[in-house]
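Got a predicted structure plus its sequence, pasted below:
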Amino acid sequence: MHIPDGYLSPSTCAVMYAAAAPFWYGSLRRLRRLLRSRVIPLISMFAAFSFVVMMFNLPLPGGTTGHAVGVAIASIVLGPWASILAISVALVIQAVFFGDGGITALGANCFNMAITGSLVAYAIYRAISRNRPIASRRRVAAAGIAGYVAINVSALFAAVEFGIQPMLFRDASGAPLYAPYPLKIAIPAMMAGHLTIAGLAEFVLSAGLVAWLQRSHPSLLRTTAPDAVEDVETSGAGAFGWPAMRPMLVGLAILLLGTPLGILAVGSAWGEWSPRDFADAAGRRQIASVSGQQAPPEQVPQGLERLSSIWTAPFPAYAPRFLRSASFGYFLSAAFGSGLIVLLAVAADRIFARRTGSS
Amino acid sequence: MARIGFLEGSIHGFLEALEHALESEELAKRRGLLQGLDPRVKLLGILALIVAATTSQRLTVIGAEVLLAIGLALASHIPLRTLMVRTWLGALAFTGLIAAPAIFLTPGLVLWHVPLLEWPVTAAGIRTAAYLISRVETAATLSMLLVLSTPWTHLLKALRVLRAPVVLVVVLGMTYRYILLLIGTAREIFESRRSRRVGGLDTGQQRRIAISAAGVLLSKTMYFSGEVYLAMQSRGFRGDAYVLDEFRMDRRNWSWLSLLVAASAGAMWAGRH
């Protein structure tokens, strides 16, 4: 994702420098106010760390390897503003001293990775982890997702910058002067690699480092988790507590209330036919109409007929026999099914938490 | 293959980065044309040439800049082999891979069809690929010349001529120094793990080693940050950064600055639409 010189026009580079400048200025001002003289060693050291981490060749599931930018872990440990500066400094050193990324494209690279990446990673990490304890497994997942999304949003920005070049800059003969592919090619080509390998590398690094810090240096995770509750989730207590479950239960209740809408749907799902549908003329017409006018067999398939009688559901077709109202029957079936799943999940969590505690 | 070479490959990567840094320092000490110029002259002159290469709309002008860069390298005793290994081959492989499909995908006058595949090779496509590759190669070569002919401490101080804030110059200098330290630390972590390894490592084990190494580096980073801050305070640091400016411009430097800027302006003029 490090854009070299020559891929973007000078005017695009100038615009990207201008877009990045307020963020650099704002970050520096904010940090100097907060950290005063401590800001120089902190940013320098973390930039050095980001640079070295970018060199790590991370083994990924599936046998491949990838490099991560480390933008999410920088945002999680330092906060977004310090992360913007630290990653920008690492990118400057990479471009100037190691030739990775162009000097004219430095503004674009910093905007894509350091600025967009840091802000997106921080927002997602905070949104998912909320006030969960520092040792919460949710923070590990939040860090992984934050890294994955941040690197993909950064890649999308880079792809758009590439994709607008042939629209804006061509020579006298009509040949594109810079990155040659339009948006419809640049975006899929760029995102294919980042949604898979680069995104996975960022996920692995971010989630892995947060898990490592939870065990070894939990204090480093405190900067961006000032409201984290104190109890430790690994005990299992509170994992299914009301505050954590509330958004999910509210959403579930809304969906339950909407389940009678399912009655409005006509016909049956393709392939979910009963033996009676094969015998009934209307049912046969419906099967044929949704199967490309291919007539179903004259006889009910023997296997279907034999196996369908093994188990009789208590609420067949989501309509308990003891209820006359179809809508209420639909609602009751949905409530029963959802409740059963929630109970199973709570039971599994309790069993898992007990095993974790005993080991 | 990855199973055997993960630790060795990582160590090799770290050593290569250290070798490149040492080689750059060694080349910067040689007596040559660019090494003898004021870092600010080199910075401004080479930046102007890079901008000229990216704005030019004529391949001949970009080609002339490549020849100029090669001439500067030879006059500065920078081996072309170093440029080839560290810049040309990598840039050609990466950008060539990206530019190659443009030869067939860019609409325009069809010059030829690839036998069997029947893909059309267009004139506009060839020009597009040539623009991209030549620009990337030229800019990368010029950037590398700047790095290979200037000690990094001088290069950082020269950034002040671009009105870079003093705090940025100080941060960049400190970052570069600690990058070398952390690369050395990472190499030692992998080396010690390699010396204790018996048998192969599966992907999961490799990943755990890499994450643990990154974690150790992170905790060392935060520790160093505190230590460095205390060391700075003990030397009287109060948050204000200063950079000693020992550069002096003489007639020779002014002449070369004029020459490089004039060459860049000429390239921009000649490379107009």
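Received it, and whenever you're ready, just let me know what you need. Numbers count the residues shown, from 1 in each chain, chains lettered A, B, ... in the order given.

At which residues are the helices of chain B located?
Under the criterion DSSP state H, chain B contains helices at B:2-28, B:39-55, B:59-75, B:80-83, B:89-105, B:123-148, B:152-158, B:166-195, B:203-234, B:251-270.

Look at the nearest residue to residue B:225 once chain neighbours are set aside and report its pLDDT.
Nearest residue to residue B:225, sequence neighbours excluded (CB to CB, 6 or more residues apart in numbering or on different chains): residue A:45, at 4.1 Å. Quick note: C-beta positions are derived from backbone N, CA and C, even for glycine. pLDDT, residue A:45: 88.

Please apply the same query to residue A:235.
The predicted local confidence for residue A:235 is 42.

next one: residue A:358
For residue A:358, the predicted pLDDT is 47.

The residue nearest to residue B:225: neighbour count?
Close neighbours of residue A:45, defined as other CB atoms under 10 Å in any protein chain shown, add up to 28.

Around residue 176, count how many other residues there are.
Unless you meant another one, I'm taking chain A. 24.

if you could check chain B rather than the one you did, that'd help
23.

Residue A:228 too?
Count around residue A:228 with other CB under 10 Å applied: 19.

Please apply the same query to residue B:97.
9.

Check residue B:88 too.
As a burial measure, residue B:88 scores 17 neighbours (other CB under 10 Å).

Could I get the contacting residues of the residue lying closest to it once chain neighbours are set aside?
Using CB to CB, 6+ apart and skipping the chain neighbours, the partner closest in space to residue B:88 is residue B:137 (6.2 Å). By CB atoms under 8 Å, 6 or more residues apart in numbering or on different chains, the contact set of residue B:137 is B:66, B:87, B:88, B:91, B:92, B:95.

if we take these, which one ends up nearest to residue A:162?
residue B:95 (12.5 Å; CB to CB).

any idea of the pLDDT on the closest one?
Here the pLDDT value assigned to residue B:95 is 89.

per-residue confidence for the residue nearest to residue B:88?
Looking at residue B:137, its pLDDT is 92.

Tell me who's in contact with the spatially closest residue to residue A:106 that is not a sequence neighbour.
Nearest residue to residue A:106, sequence neighbours excluded (CB to CB, 6+ apart): residue A:95, at 5.3 Å. Listed by CB under 8 Å, 6+ apart, the contact set of residue A:95 reads A:2, A:101, A:102, A:103, A:105, A:106, A:109, B:143.

Provide the backbone phi and psi angles at the fourth one.
When you say that, I think you mean residue A:103. Dihedral pair for residue A:103: phi -80, psi -40, per degrees, to the nearest 10.

The residue located most distally from the centre of chain B: what's it in contact with?
Here chain B reaches farthest from its C-alpha mean at residue B:116, the gap being 40.6 Å by CA atoms, centre = their mean. Contacts for residue B:116 (CB under 8 Å, 6+ apart) come out as none.

low pLDDT regions in the stretch 101-250 of chain B?
Where the stretch 101-250 of chain B drops to pLDDT under 70, the residues are B:239-245.

Which helix or strand contains the most centrally placed residue in chain A?
Central residue of chain A (CA atoms, centre = their mean): residue A:145, 4.5 Å from the mean position. Using DSSP states H and E, residue A:145 falls within helix A:137-163.

For residue B:146, grab the count of nearby residues.
Using other CB under 10 Å: residue B:146 sits among 23 other residues.

For it, which non-adjacent residue is closest in space?
The shortest distance from residue B:146 to any non-neighbouring residue, by CB to CB, 6+ apart, is to residue B:46 (4.7 Å).

follow-up on the earlier one: inside helices: which ones of the contacts of residue A:95?
Checked against DSSP H, the contacts of residue A:95 include these in helices: A:106, A:109, B:143.

By neighbours, which of those wins?
Neighbour counts for these peak at residue A:109, which has 28 neighbours (criterion: other CB under 10 Å).

Next one: that one from chain B, what distance?
14 Å (CB to the nearest CB, to the nearest Å).

Identify the residues contacting that residue.
A:1, A:2, A:3, A:91, A:95, A:101, A:102.

okay, these in CSV with pLDDT next?
Shown next, in CSV, are the contacts of residue A:109 (pLDDT from 0 to 100):
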residue, pLDDT
A:1, 77
A:2, 85
A:3, 90
A:91, 93
A:95, 88
A:101, 85
A:102, 87
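
was I right about residue B:217 contacting residue B:186?
Yes - counting by CB atoms under 8 Å, residue B:186 is a contact partner of residue B:217 at 6.0 Å.

where do the contact lists of the two overlap?
residue A:52.

isn't there a strand covering residue A:344?
No - counting by DSSP: H, G, I helix; E, B strand; the rest coil, residue A:344 falls outside a strand, being helix.

Give the burial count for it, as a bare number.
Residues within reach of residue A:344, counting by other CB under 10 Å, total 10.

Which pLDDT does the model give it?
On the pLDDT scale, residue A:344 is placed at 79.

Next, find the distance separating it from chain B.
For residue A:344, the distance to chain B - CB to the nearest CB - is 29 Å.

again with residue A:167
Distance, residue A:167 to chain B, using CB to the nearest CB: 13 Å.

what's near enough to touch that residue?
By CB under 8 Å, 6+ apart, the neighbours of residue A:167 are A:182, A:183.

what helix or strand is it on?
Counting by DSSP H and E, residue A:167 is part of helix A:165-168.

and if you look at residue A:96?
Counting by DSSP H and E, the element that carries residue A:96 is helix A:80-98.

can you pull the buried residues of the helix holding residue A:167?
By 16 or more other CB atoms under 10 Å in any protein chain shown, the buried positions in helix A:165-168 come out as A:165, A:166.

Pull the residues that contact the following helix or strand past that helix.
With elements assigned by DSSP H and E, the helix or strand that comes after helix A:165-168 is helix A:183-193. By CB under 8 Å, 6+ apart, the residues outside helix A:183-193 that reach it are A:152, A:155-156, A:158-160, A:162-164, A:167, A:179, A:181, B:105.

just the angle between helix A:183-193 and helix A:137-163, please?
Angle of helix A:183-193 versus helix A:137-163, following axes from the mean of the first three to the mean of the last three CA atoms, to 10 degrees, is 150 degrees.
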